[in-house]
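S.K.: Sequence plus predicted model, see below.
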Amino acid sequence: MRIPEFDAETAARQLGTQGVSNLVENAERFCTYEEKRIELANMGPIAGLQGQFNLLAEGDRQIEQRLQMAPPPGDLRRLRLRAIYYWSLTVILTGAGFVFTLLSFEPFRLGWKTWLYSCGIAVLAPFLVERLLEGKGWEKALKGLTAVAASAAIASLMLLAVIRGDVLAEKIQQDNGSALVIDDAQPQPEPHNTFYDSTVGLLRLALLLLAFAMEVGAGLVLREAWRSAPDNSEDWNKLRREQGVIRLQMCAIANQIIGLRNEGSIFVMRFWRDFYGTMLSNAVRSAMTKLPIAILVVSIFYPARAQAETHASVVIAIDLTQSVVINGPDNKSEFQKNIDGTARVLAQVPGGAHVTVIGITDHSYAQPYILLSARIPDDPGYFGERLTGARDQLIRAWKLRGSHLAPHFQQTDILGALQLANDIFAQDPEASQRTLIIFSDMRQSTQDLDLESPAIAPSFATVAKRCCTVPRFKDVHGYVLGVDGAGKSSNYWRSLKGFWTDYFSDTGAILMDYSVLRELPQVPQGIFVRMPAQ
């Protein structure tokens, strides 16, 4: 019995497509569950390894602190000689500081208190300098402080050399004076001696610089004396080896943690590699067995098929209004993201497609703004080189034109852009696939209809009369991308989505995606779905 109005070819095509779709869908479901299972199973080992890593890190910090206090590596005898040398310098400098402090307090006649103050100051200054330099973060300042102290010491010695020169000049002047005294001669007044007046300032500065250099130098020497003292309890080389072993263990644990964290993703990649590899190898093997029959069928039916083959029509609408001049967390405007998203769509257009890029302005239909119009060749080339080259030229042309675009229109006429897209589709009635892609925040704002100002977008049913003529998008697959919610609430975004979902349903279009993202959904059949013959 023959079933009336039953198209066997269409049914076979749908069954084949659904079979592949179900196979891929089940594979994706299995892959997702297995990835989640691996992640949950690895949470415990990762936590344990993380705890071990933290313990090793704490041990590494403790060894680093011990290395700072440990004596430098070297021969034990050499360390002892160096320690004796530094300790001797420390005692000499501390004693000199004590004597100078005692001389400074002597004119005040404080008695036994002078010795107590002098001893405390002479010991305290080197101790404080040594503790300051042992603090964390002063390693880089150590050389600078040493250079300043050395400069002060040299400057004080140079000032003392100047004073010694003045002393020598004064001595020579006195020796050259008259040694003969005549009895009846009138006594000559002695010239005023300016030696002390001219040298007292230099002496003060020299003693000030010398005191600074001595105290800082005593602290530096005390630090080196402690560091050079041989200490059998801390072996620098042994500590360094222990630290190296700990850091190797930390690297191994970090490698294990990263491996466990990536195990799920590695499984997914390996699964799909084997899945598609098996499908491809089976398809090639099956094709090779049926190649003679396929050649015969193609040779018979190719002319009729070539005549029946039609092309695709793709319309891309991009928002050029000021509502998309908003920077996201990445400091990139929504407009620039729409420009980049359009380039990614152009990189996927099929062969034989007619592509039209239009701008959404304040008068999208009354004053249409065609940004780009091009046709991709039907013949992709033997290795697909013609199709790849055409796509590359299309992307370059779009980037050149997109660099001169700016979102400067005050209002957003999305309904006019949809009317314009309908007219573009009507000019190509033989297209077997029609795809409409919109990059916009979808906030219609004109005098006829304003969806941007209200806190909640109205339903399509309440404002349908103000939408002018609703276009007929029969067999048109629609993608609305980049619908950001900047400055609006989540309730507004959902109400706006409900409005446009009802609108596209009323036009007869198939709304495939409505998202804040700008990536076309990845489906096995591809985004440019070929409609079945009517």
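M.R.: Thanks, I have it.
S.K.: Which parts of the chain belong to which domain?
M.R.: 76-172+196-230, 309-514 (automatic domain parsing).
S.K.: what are the ranges of the helices in the stretch 301-450 of the chain?
M.R.: Remark: helices assigned in the stretch 301-450 of the chain by DSSP state H, counting those that start in this stretch are 334-346, 385-402, 414-426.
S.K.: how about those helices in TSV, adding distance to A57?
M.R.: (C-beta placed from N, C-alpha, C; glycine too.) Formatted as TSV, these follow (distance: least, CB to CB, whole Å):
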stretch	distance to A57
helix 334-346	40
helix 385-402	48
helix 414-426	56
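S.K.: Tell me which of these sits nearest to G244.
M.R.: Nearest to G244 among these is helix 334-346; the distance by CB to CB comes to 47.6 Å.
S.K.: Please work out the average pLDDT along the closest one.
M.R.: The pLDDT scores in helix 334-346 average 91.
S.K.: what's W87 in contact with, if anything?
M.R.: A225 (CB atoms under 8 Å, 6 or more residues apart in numbering).
S.K.: Surely it is in a helix?
M.R.: Yes - W87: assigned to a helix according to DSSP: H, G, I helix; E, B strand; the rest coil.
S.K.: related to what we said a few turns ago, would you format the helices of the stretch 301-450 of the chain as a markdown table with mean neighbour count and distance to A218 included?
M.R.: Putting the helices of the stretch 301-450 of the chain into a markdown table (neighbours: other CB atoms under 10 Å; distance: least, CB to CB, whole Å) gives the following:
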| stretch | mean neighbour count | distance to A218 |
| --- | --- | --- |
| helix 334-346 | 20 | 64 |
| helix 385-402 | 15 | 70 |
| helix 414-426 | 21 | 81 |
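S.K.: among the ones you listed, which is nearest H408?
M.R.: Among these, the nearest to H408 by CB to CB is helix 334-346 (10.2 Å).
S.K.: So which other helices or strands are in contact with the closest one?
M.R.: Applying 3 or more CB pairs under 8 Å, 6 or more residues apart in numbering; DSSP states H and E, we find helix 334-346 packed against strand 312-319, helix 385-402, strand 433-439.
S.K.: Recalculate using a threshold of 10 Å.
M.R.: Helix 334-346 sits against strand 312-319, strand 354-360, strand 370-375, helix 385-402, strand 433-439, strand 476-481, with contacts defined as 3 or more CB pairs under 10 Å, 6 or more residues apart in numbering; DSSP states H and E.
S.K.: sorry, back to before: quick one, which of the domains of the chain is nearest to G48?
M.R.: So among the domains of the chain, domain 76-172+196-230 is nearest, using CB to CB, at 31.7 Å.
S.K.: how far away is D362 from L405?
M.R.: To L405, D362 is 15 Å away according to CB to CB, to the nearest Å.
S.K.: sorry, back to before: tell me which of the domains of the chain is the most buried.
M.R.: Among those, domain 309-514 has the highest mean neighbour count (mean count of other CB atoms under 10 Å), at a mean of 17.
S.K.: For the stretch 1-150 of the chain, which residues score under the pLDDT cut-off?
M.R.: Scanning the stretch 1-150 of the chain with the threshold set as pLDDT under 70 gives 1-20, 68-80, 82, 85-86, 97, 100-114, 116-118, 120-125, 127-140, 142.
S.K.: one more time with 50
M.R.: Applying pLDDT under 50 to the stretch 1-150 of the chain picks out residues 1-6.
S.K.: returning to that earlier point: go through the helices and strands packed on helix 334-346 and name the closest to E519.
M.R.: E519 sits nearest to strand 476-481 of all the helices and strands packed on helix 334-346, at 7.7 Å, using CB to CB.
S.K.: now the helix or strand following the closest one and helix 414-426, what's the angle there?
M.R.: The first helix or strand that comes after strand 476-481 along the chain, using DSSP states H and E, is helix 490-507. Helix 490-507 and helix 414-426 are oriented at 30 degrees to each other (axes from the mean of the first three to the mean of the last three CA atoms, to 10 degrees).
S.K.: Which elements pack onto helix 490-507?
M.R.: Helices and strands touching helix 490-507, by 3+ CB pairs under 10 Å, 6+ apart, are helix 414-426, strand 433-439, helix 460-463, strand 476-481, strand 510-514.
S.K.: What lies in contact with the third one?
M.R.: Residues lying outside helix 460-463 but in contact with it, judged by CB atoms under 10 Å, 6 or more residues apart in numbering, are 444, 448-451, 457, 467, 470, 498-506.
S.K.: quick one: average pLDDT of it?
M.R.: Helix 460-463 comes out with an average pLDDT of 83.
S.K.: for the fourth one, same thing?
M.R.: Taken as a whole, strand 476-481 carries a mean pLDDT of 93.
S.K.: which neighbours does that strand have in its sheet, and in what orientation?
M.R.: Partner strands for strand 476-481, per DSSP bridges, with pairing direction: strand 433-439 (parallel), strand 510-514 (parallel).
S.K.: Nearest to L208 among the helices of the stretch 301-450 of the chain would be which one?
M.R.: With CB to CB as the measure, helix 334-346 is the member of the helices of the stretch 301-450 of the chain nearest L208 (63.9 Å).
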